[in-house]
Every structure is written in structure tokens, then in C-alpha cells.
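Asker: coordinates only, no sequence provided:
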């Protein structure tokens with residue numbers, strides 16, 4: 001088993017779907033999966049935006065199901081603390097399961113990753 005680190009730097013379909021697909025695949029294989037949500041991706045992790053993105057891509061795999069699978073498989077979802085000021089959000093606005101951290105924490109946890117991806 002290995003460690004897979006994934007940064008998400010956008011809130012479009014082409015940022016979220018590949019990241020989640022690779023993350024859930026790695027987690028299903030038993031790898032430790034760490035996501036780092038950068039400020040530009042933060043809006044997707046608020047309220048029901050994942051559902052809205054899922055609905056906007058009807059021919060794609062079910063994003064909500066994959067996200068629930070990631071949580072069940074223990075994936076870490078780290079959200080960059082800098083995004084709150086950028087988007088005027090508060091920590092309680094985030095969906096369940098997100099942990100707010102600084103970039104230093106992500107880098108420390110990602111050390112030793114076998115694979116890294118950025119979307």
C-alpha cells in the first residue's frame with residue numbers, strides 16, 4: 001500500500017472528476033489518499049455544490065457516490081485556510097469531512113507519497 005496526494009486547484013468538472021476518480025481508485029486499492037483543496041477549488045466544497053456539479057455532468061460517474069466512498073475509505077480532505085478570505089466563507093460553510101489546514105501541514109502529511117497529482 002502506498003500514499004497518494006492530490007491537489008485540486010479549480011472548481012470545474014475537469015478539475016474535480018479526475019481528482020475524485022483517481023482518489024477513490026487509490027483508496028479502494030488500500031492506499032492512503034490525501035486531498036489538498038486550494039482556494040480556487042473551495043467553492044465546490046460548500047453546501048450542495050458537489051450535487052450541482054454532478055447534475056451538470058449527467059453522463060459522468062456519480063460524483064456524490066464517489067465522494068461518499070472516499071469518506072468511507074478514510075481519505076483526508078485538507079482545505080487551504082487561505083480560501084476563506086478569498087471567498088468570504090467560514091469553516092462551518094464546508095461540507096462534512098473537511099479539515100482546514102495551512103500548506104505546511106499538507107506538505108508534511110504528503111511527504112513520502114508514491115504518487116502525486118494536481119488538477
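Answerer: Nice, thanks for sending it over. Note that the coordinates shown come from a computational prediction; the quantities given were computed from them, not determined experimentally.

Asker: let me know the secondary structure of the residue lying closest to residue 101 once chain neighbours are set aside.
Answerer: For residue 101, ignoring the flanking residues on the chain, the nearest one in space by C-beta to C-beta, 6 or more residues apart in numbering is residue 78 at 4.8 Å. In this view, the C-beta of every residue, glycine as well, is placed from N, C-alpha and C. Under DSSP: H, G, I helix; E, B strand; the rest coil, residue 78 falls in the strand class.

Asker: burial check on residue 78, number of neighbours?
Answerer: Residue 78 is flanked by 21 other residues according to other C-beta atoms under 10 Å.

Asker: where's residue 35, which helix or strand?
Answerer: Using DSSP states H and E, residue 35 falls within strand 32-37.

Asker: what packs against that strand?
Answerer: strand 3-8, helix 13-28, strand 76-80, helix 103-110 (3 or more C-beta pairs under 8 Å, 6 or more residues apart in numbering; DSSP states H and E).

Asker: quick check: angle from whichever helix or strand comes after it to helix 13-28?
Answerer: Later in the chain than strand 32-37, the nearest helix or strand by DSSP H and E is helix 49-56. On the basis of axes from the mean of the first three to the mean of the last three C-alpha atoms, to 10 degrees, helix 49-56 is oriented at 110 degrees to helix 13-28.

Asker: could you export the helices and strands packed on strand 32-37 as JSON lines, including distance to residue 95 and mean pLDDT?
Answerer: Converted to JSON lines, those look like this (distance: least, C-beta to C-beta, whole Å; pLDDT from 0 to 100):
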{"stretch": "strand 3-8", "distance to residue 95": "13", "mean pLDDT": "98"}
{"stretch": "helix 13-28", "distance to residue 95": "13", "mean pLDDT": "96"}
{"stretch": "strand 76-80", "distance to residue 95": "9", "mean pLDDT": "98"}
{"stretch": "helix 103-110", "distance to residue 95": "18", "mean pLDDT": "98"}
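
Asker: figure out which of the ones you listed is closest to residue 57.
Answerer: helix 13-28 (5.1 Å; C-beta to C-beta).
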